[in-house]
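K.L.:
Test case, fold it:
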Amino acid sequence: MPVRVAGSRSARTRAPRKRAPASAEETSAGTSPAPEPSPPPPITYTPLQDAIATIFQSAQKTTAGHRKLAITMRSIWEQCAAGTGPLGSSVGGGRVGEKAFVKEFTGFLNRVLVTKKSEVVGDRCLRFIDLFVRRLLDKDGEDERMIEGEEEVVEETSAIRFVLRFIFYLLPLIPSREKTVRYRTTQLLSLLLANALPEFPYDYSTKSDAIFKQLRSELLRRIKDKETPVRVQAVVGVIKLLEMGVGTGEGDSEDDGEGDGNVLAALIEAMQNDPSADVRRTILYNINPTPETLPYLLERTRDTDPVTRRSVFTRLLPSLGDFRHLSIGMREKLLRWGLNDRDESVREAARRMFNYRWLEDVDGDVIEILERLDVTSDGPQGGVKELALRGFWEERKDFVEKITFGDEFWEDLTAESAFLARSYNDYCRDLPSAQREAGEIDEKMPEVTKLALHLQRYLNKLVVALESEDAEAATWEFVAEQLLMIASRMDYGDEIGRRKMFALLRESLAIPELPEGVTRLIIECLAKLSMGEGDFCMLILEVIAEVHDRIADDEDEAGAGDETFHSAKSDVSDDGIEDAITVRAPSVKATVKELMINLKCLHIAQCMLENVSGSLKKNTPLVTMLNGLVVPAVRSHEAPVRERGLRCLGLSCLLDKTLAEENLTLFAHCFNRGHEALQIEALHIMSDILVTHGSAIFEGDSCAVEQRTLYRMFAKTLKLDEVAEVQATAAEVVCKLMLAQVIKDEEVKLQLLLKVLVIAYFDSATVDNQSLRQILTYFLPVYCHSRPENQTRMQKITVSTIHQLLLIRENLGEEEEMVSITTTASQMVDWTDPRKNVGGGVQAGRGGIEEKIVDPNVHVDLALDTLERVSSSSCNKEEKKVLCTMLGKLYIPADAAPEKLRELYELVTQAIGDKVATDAPSRNALNKLELSLGKVVSELERDGATEVTGDEIAATGDETEAVAGEATAGEASDDGEGDDTIVMTKPPRVDDLASETGRETSAAPSTEAEEQEDEDEE
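P.N.:
Residues are numbered from 1 along each chain as shown. As a prediction, the model looks like this:
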């Protein structure tokens, strides 16, 4: 660390003088009083030191007079450089005077560099130095350049030499051992680089260029400093040097790892991975947004710090100007990340960006904003664009009132304008009735009859575009979907309009070329317009028959054409080869046409089944459709038809329990024998059937599948690591059934499924199956903490699961990774913690804060299972270590079952006596558990002895003495470390405090001896 004042006279005058050895007379006269020490001599300054010290003294008081002080300091510098005035004449002029000034100036700077970050005087002094250097360079700025032809040659001035000497002096202080010196040095350099030196001619000579390159290297190393304030100041300095162009000359190479590209890469890496949000935010604020850095800057909307995420919307994006300079992907990401953020302040910043800044950039044209986005990418619902517009309607009431949709608007719809109209209609329809009338939604939106005419026109455009394979087919499909969504929210009080819309939708549904999205929306509208489910199903059945009849018509036409063509070719062809070819081509085309029509019919049937909820047996059209369409589709040899038919059959089973019982075997067979897509479909169908009808479905006479067989199939599927999607789907199905308590009768199978899920969660084989991990990450804590019986199930499988995971860990390959078994045990302890169960935890009552436990025996039972496993001969050393460590994390309350607490205490005592723990942490965990349990058991025995009557005391006198002896022994083993354990004991009574204290004191030596034995064994 540098001295406080380098080479100053004050430092020499402050040096203590050595005293001479005491004489014999002074030694013998010990009774006489010692003479008072003489006061230290006053500190003397040279005129230059005195002038600089006075300025620094004034600068640290307030920033109000810094400008005058900087002018005064500059005059002192000019006197020293020119050798004029009283100060200049005392030090000499020229280079000697400049060096003398720098020496005294840096000497007083040393006292500033040791001030802590919390002291404001240090900040004031550094700001004053920055202002002084700025004034010094500004005065010489007019004379430091001279023009020689077309080239600029920088003339070295006294101010430039001062800056170079000053920076060269600070370079060794940047890597100082003292964190305060490192912070103040980097802070001063960042101030100078940001304010005084942006236009400094650092490359006018080889020496100056080398100094600034060394400065950049030192600041780059400080980016990895362990102190956050140092890193913050270092990144500011590096960014300013990057803007100045230090190290980016033609002769500079990047072989040393510190080129321009490597510096930028280091800054981006720090912005992405630095543990401090202040460092990441500082880089975000200071680095220039360029095409290279902009994606990384916008990426901070996914930062872990909410302030940093909000800063992207409040500081970075406004500085970029017009949002249209961003790409469509960047705009989509900003809206998606901002509007879906978990922090309300970030969501509010994103809404204001869309509702105000983006709207100002396009002069209030909302449709242009939507044109700058891809409204069709997220389907008819709009995704994040719908969320943005919903916030826009809620906040910008002025646009809600003045927006209009005239006839010209509806006659020339685009994807963006249709989306805007649909979003406005949904917003107004969702308002309360009073606000809806005030908004005049019925006046702004067209009547049902006009809407039907507009819908018919755009459906015709869609059909024409599909037949001609036009590129605009996707646009017309999106427009038709938006109009259908508007139609589904309309008020059909007008009977004429209702009939017009109903006839249009009925006619349009029979068009085979319509996309599935449009078909689904048409069926939803028809379900609303129909008089009941019976009429609705009859209507859909008629449409299906009409669509299916097209196959026969097409086949008849194709057959007639083929026959005529065949007869014409047969007269020419001799060997019949061309005849066979010409006959086979139309047959393939007809087969494809038949397949598409069948899929269309099944899709219509599926959409219909999704919109009905009545009984299947009471609905004759549904039964007819089931027998005539769905069952043949399930038996089809075409995989797409079979899969869609299976889905329709599954939807039908949801409407009738008997049908579900009869076909559950079919779904299980499809899962066992089908391909991957069919297996996933079968799993979803079986899950929906069980959730709808419950486990009572297995009790029906028609059900040929046993409950345990189905659960065994689920457990087997969870172990299929080769098919990740099927495994994740099976986990989702099992989790859904367990949370809904559908699987509750078979306790053994339930525990088996739970164990398989836990093993799959921690197994290294599922490390790449992120869908499975995400499902189980949500399910396991929710399942365990929702009901006490669920925690009991997890407690029963904990020990065996840890044993199984240890076996898996032993067989891991070199490249396979797995979570440590200690982390696994800690996670399972957390899942079984009774304090985290719903209804438990710390609560406020009348008597103050109290802790409520729903089931206090969960961790007690887990401790019993753990000790039984530890005491067994088949438990190896590693497993014992993990289980004993887990014992120290259990929560064992005093209000648990007394008999279980006594049993646990006996097992702990036996385990310690048998020396099952071979390592020191395990032994310490067992000893602490024994001491704490001994105190609890002693308290239980004392309370039980108090309640015994006099006759019982006489009859059981010997037993009472034995119990008292055990209580004394248990309390004597307590060495005062009970507060460090997790066993919650009852507070002792007042009359027992003295005796307990005495016993604890007497027990202390024996405990220390045991600890010494443990250390010797180690």
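K.L.:
any chance you could map the strands in the protein?
P.N.:
In the chain, the strands defined using DSSP state E lie at 145-148, 151-154, 841-845, 848-852, 892-893, 983-984.
K.L.:
any idea how far residue 728 is from residue 675?
P.N.:
With distances taken as CB to CB, to the nearest Å, residue 728 is found 17 Å from residue 675. Using the backbone N, CA and C atoms, a C-beta is placed for each residue, glycine as well.
K.L.:
Out of these two, name the residue with the larger neighbour count.
P.N.:
Neighbours were counted for residue 728 and for residue 675 using other CB atoms under 10 Å; residue 728 has more, 22 against 10.
K.L.:
Surely the more buried one touches residue 771?
P.N.:
Yes - judged on CB atoms under 8 Å, residue 728 makes contact with residue 771 at a distance of 3.9 Å.
K.L.:
Quick check, pLDDT for residue 997.
P.N.:
At residue 997, the predicted lDDT confidence score is 34.
K.L.:
for the protein, what are the low-confidence residue spans?
P.N.:
Applying pLDDT under 70 to the chain picks out residues 1-43, 140-154, 247-261, 434-439, 551-587, 745, 840-851, 944-1018.
K.L.:
Go ahead and flag the most central residue of it.
P.N.:
In the chain, the centroid-proximal residue (CA atoms, centre = their mean) is residue 304; its distance is 7.3 Å.
K.L.:
gap between that residue and residue 234?
P.N.:
As judged by CB to CB, residue 304 and residue 234 stand 22 Å apart.
K.L.:
Please report the number of neighbouring residues for the nearest residue to residue 548 once chain neighbours are set aside.
P.N.:
Computed as CB to CB, 6 or more residues apart in numbering, the closest residue to residue 548 that is not its neighbour in sequence is residue 601, at 5.4 Å. For residue 601, the neighbour count with other CB under 10 Å is 25.
K.L.:
which residues touch the nearest residue to residue 490 once chain neighbours are set aside?
P.N.:
Leaving aside its sequence neighbours, residue 490 sits nearest to residue 448 (CB to CB, 6+ apart; 5.6 Å). When contacts are counted by CB atoms under 8 Å, 6 or more residues apart in numbering, residue 448 touches 487, 490, 491, 492, 494, 497, 498, 500, 501.
K.L.:
quick one: which of the residues you listed sit in helices?
P.N.:
Counted as lying in helices by DSSP state H, out of the contacts of residue 448, are 487, 497, 498, 500, 501.
K.L.:
mind checking how far the closest residue to the third one other than its chain neighbours is from residue 526?
P.N.:
By the measure of CB to CB, 6+ apart, the closest residue to residue 498 outside its immediate chain neighbours is residue 492, 4.2 Å from it. If you measure residue 492 against residue 526 using CB to CB, the figure is 12 Å.
K.L.:
more neighbours, those two?
P.N.:
Set side by side, residue 492 and residue 526 show more neighbours around residue 526, with 24 against 15, by other CB under 10 Å.
K.L.:
these two touch, right, that one and residue 542?
P.N.:
No - using CB under 8 Å, residue 526 is not in contact with residue 542, being 11.5 Å away.
K.L.:
Give me the distance between residue 385 and residue 424.
P.N.:
In terms of CB to CB, residue 385 sits 13 Å off from residue 424.
K.L.:
Among these two, which residue is more densely surrounded?
P.N.:
Per other CB under 10 Å, whichever of residue 385 and residue 424 has more neighbours is residue 385, with 26 against 23.
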